[in-house]
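1. Sequence unavailable; structure follows:
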DNA sequence: GACCTGGGATACCGATCGGTATCGAGTACT
DNA sequence: AGTACTCGATACCGATCGGTATCCCAGGTC
């Protein structure tokens, strides 16, 4: 006979299936039957674990937001690197993360929409504030340590960083070839005043473009 | 008896109602009955004018994208202004537009999602390319005219500008107080190398914050 | 090993909604 | 003015889906 899987396992499988299907097809357009079937269960398991569809969505948000945003934190937590390299690394890491998780970024935006509209959990707003504070502190520390005069205060640099990371990911979704991999890093170098003076042409150097692998989802 | 309104009028009323309701509640969650009733008609008018719900959405996208994006074009079309002022104006105008049209920006993102997922019209991708090209040209012209050495090529400046405008609007949605009105303009000044040398502190000067009119939608 | 309990399966309900067939009032054309 | 036609209104259908009541079996307990 079929062993009954532990509850945590069921929950994980449902969350993973929901993340994938919600991201691919949109939350509203994906039925709970689809999610349950993809996870190898039925709708009953969903209601037993999450109570409602909104409950599933909230749990999913809570489950994934932290992991997603912590990527950014991890990228700025390392202090032992020169500021310029730091900025480039941060940009590269954020860009790579957004690229790997194309589908997840779509889900991310949909959850953000729900939060803005007042539906669903407010985990987004809260976590965003947390991240913003942490990024601000990290930037201030790095800029101070480097002794450069950034053209913007750390708090606003953090805002710009988050907005740019997100905005560039969106642009890349719409047209994968239009955003160079290291663009975010180079912009950060300029914004943090980390570019060694006298060689602006180096920062602006044209990249080797042309690898527009436009593999649309599915 | 009731005069029958001209066809164009019916179409306009339906599109306007759809824009409002779709933006406020999401496209999927808004029924055609709701849209039609809000416009003072019935579902028959929708099907007579647009054929299907997707037809309405496509028409809405086609109708609004241009108007929305042309704001950006108008802001960069004026050449007779010094580059720094130009950048600030552009930032201010884009920020103000995003602020006025909070609801519309939500709809904008939803249409973008549909385009990325391959559903609906590809008007977004096409128009985005158009806008990107136009912005690139405008930036190149302005930077050339000003004779400054921008730290990034015009094409990438255009990408960053679009991403940042969009990303900052998203951040502002999530937390209206976290994005100063003129932030976009100041960032542009830095990125275009338009800041007069020797007074970086002016650009970074703290703004009079605190007017966070957090009027969340409805 | 009989019993209870909890969690997932199953069957079903009611509501919603996109879409369609049809009707009838205005409108344009001659 | 009469006629044909357009276009929006109305009624209705079928499918989908969230949610629920109920059942049934696996696991732990004594």
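-> Now that the structure is in, tell me what you want to look at. Predicted model only: the values in this text are computed from it and were never measured.

2. how far is the helix or strand residue A:93 falls within from where the chain is centred?
-> Using DSSP states H and E, residue A:93 falls within helix A:83-100. Relative to its chain's centre, helix A:83-100 lies at 12 Å (CA atoms, centre = their mean, to the nearest Å).

3. do the same with stretch A:54-70
-> How far stretch A:54-70 lies from its chain's middle: 12 Å, per CA atoms, centre = their mean.

4. Please state the mean pLDDT value computed over it.
-> Averaging pLDDT along stretch A:54-70 gives 86.

5. List the neighbours of that stretch that are in contact with it.
-> Contacting residues not belonging to stretch A:54-70 are listed as A:14-15, A:18-19, A:22, A:27, A:32, A:35, A:46, A:49-50, A:97, A:101, A:104, A:107-108, A:111, A:114, A:119-121, A:123-124, A:127-128, A:130-131 [CB atoms under 8 Å, 6 or more residues apart in numbering or on different chains]. C-betas here are computed from N, CA, C, even on glycine.

6. so which of these also contact DNA strand D?
-> When these are checked against DNA strand D using CB under 7 Å from any atom of the strand, the ones in range are residue A:32.

7. returning to that earlier point: what comes up buried for the helix holding residue A:93?
-> Of the residues in helix A:83-100, A:83-84, A:86-91, A:93-95, A:97-98 count as buried by neighbour count, 16 or more other CB atoms under 10 Å in any protein chain shown.

8. Determine the number of other residues adjacent to residue A:60.
-> Neighbour count of residue A:60, defined by other CB atoms under 10 Å in any protein chain shown: 24.

9. Work out for me the element it sits within.
-> Using DSSP H and E, the secondary-structure element containing residue A:60 is helix A:53-76.

10. So is that helix next to DNA strand D?
-> Yes. Part of helix A:53-76 sits near DNA strand D under the criterion CB under 7 Å from any atom of the strand, namely A:53, A:54.

11. DNA strand D versus the residue nearest the centre of chain A, what's the distance?
-> Central residue of chain A (CA atoms, centre = their mean): residue A:68, 5.0 Å from the mean position. Distance of residue A:68 to DNA strand D, computed by CB to the nearest atom of the strand, to the nearest Å: 24 Å.

12. Tell me the spacing between that residue and chain B.
-> Going from residue A:68 to chain B by CB to the nearest CB, to the nearest Å gives 15 Å.

13. next one: residue A:58
-> 17 Å.

14. now do residue A:71
-> Using CB to the nearest CB, we find residue A:71 at a distance of 17 Å from chain B.

15. now do residue A:185
-> Distance from residue A:185 to chain B, by CB to the nearest CB: 12 Å.

16. residues touching that residue, list them.
-> Shown in contact with residue A:185 (CB under 8 Å, 6+ apart): A:87, A:88, A:89, A:90, A:91, A:92, A:95.

17. Kindly state the pLDDT recorded for the third one?
-> Translated: residue A:89. Listed pLDDT for residue A:89 reads 81.

18. Give me every residue in chain A lying close to DNA strand D.
-> Contact residues, chain A versus DNA strand D (CB under 7 Å from any atom of the strand): A:1-4, A:29-33, A:43-44, A:47, A:52-54.

19. residue contacts, the closest residue to residue A:192 other than its chain neighbours?
-> The shortest distance from residue A:192 to any non-neighbouring residue, by CB to CB, 6 or more residues apart in numbering or on different chains, is to residue A:150 (5.1 Å). By CB under 8 Å, 6+ apart, the residues touching residue A:150 are A:143, A:157, A:191, A:192, A:193, B:204.

20. before we move on, the earlier item: of the buried residues of helix A:83-100, which pair is most distant in space?
-> Greatest spacing in the buried residues of helix A:83-100, by CB to CB: A:83 and A:98 (22.6 Å).

21. buried subset of the contacts of stretch A:54-70?
-> By neighbour count, with 16+ other CB under 10 Å, the contacts of stretch A:54-70 hold A:14-15, A:18-19, A:22, A:27, A:32, A:35, A:46, A:49-50, A:97, A:101, A:104, A:107-108, A:111, A:114, A:120-121, A:123-124, A:127-128, A:131 as buried.

22. Let's see which of those end up in strands.
-> Within those, no residue falls in strands by DSSP state E.

23. can you tell me which of those residues are in helices?
-> Applying DSSP state H to those, the entries found in helices are A:14-15, A:18-19, A:22, A:32, A:35, A:46, A:49-50, A:97, A:104, A:107-108, A:111, A:114, A:123-124, A:127-128, A:131.

24. Go back to those and keep what's next to chain B.
-> Residues of these in contact with chain B (CB under 8 Å from any CB of the partner chain): A:124, A:128.

25. Keep the ones in helices among the buried ones among the contacts of stretch A:54-70, but drop any that are not near DNA strand C.
-> The subset of these within reach of DNA strand C, by CB under 7 Å from any atom of the strand, is residue A:49.

26. ok, which residues in chain A are in contact with DNA strand C?
-> Within reach of DNA strand C by CB under 7 Å from any atom of the strand, chain A has these residues: A:4-5, A:7, A:10, A:36, A:40-45, A:48-49.

27. Out of these, which end up buried?
-> A:10, A:36, A:41, A:45, A:49.

28. Which strands or helices does the host helix or strand of the first one pack on?
-> Assigned by DSSP H and E, residue A:10 belongs to helix A:7-25. Counting contacts by 3 or more CB pairs under 8 Å, 6 or more residues apart in numbering or on different chains; DSSP states H and E, helix A:7-25 packs against helix A:32-39, helix A:43-50, helix A:53-76, helix A:102-116.

29. nearest residue to the residue of chain A found nearest DNA strand C other than its sequence neighbours?
-> Nearest residue of chain A to DNA strand C, counting by CB to the nearest atom of the strand: residue A:44, 2.2 Å away. Distance criterion CB to CB, 6+ apart; nearest residue to residue A:44, sequence neighbours excluded, is residue A:36 at 7.9 Å.

30. Where does pLDDT dip in chain A?
-> Applying pLDDT under 70 to chain A flags residues A:1-2, A:76, A:78-82, A:194-218.

31. Which segments of it make up each domain?
-> A:1-51, A:60-203 (automatic domain parsing).

32. In a markdown table: the ones you listed, plus distance to residue B:64.
-> A markdown table is the format used below for these (distance: least, CB to CB, whole Å):
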| stretch | distance to residue B:64 |
| --- | --- |
| domain A:1-51 | 20 |
| domain A:60-203 | 17 |
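
33. Residue A:190: helix or strand, and which one exactly?
-> Assigned by DSSP H and E, residue A:190 belongs to helix A:183-191.
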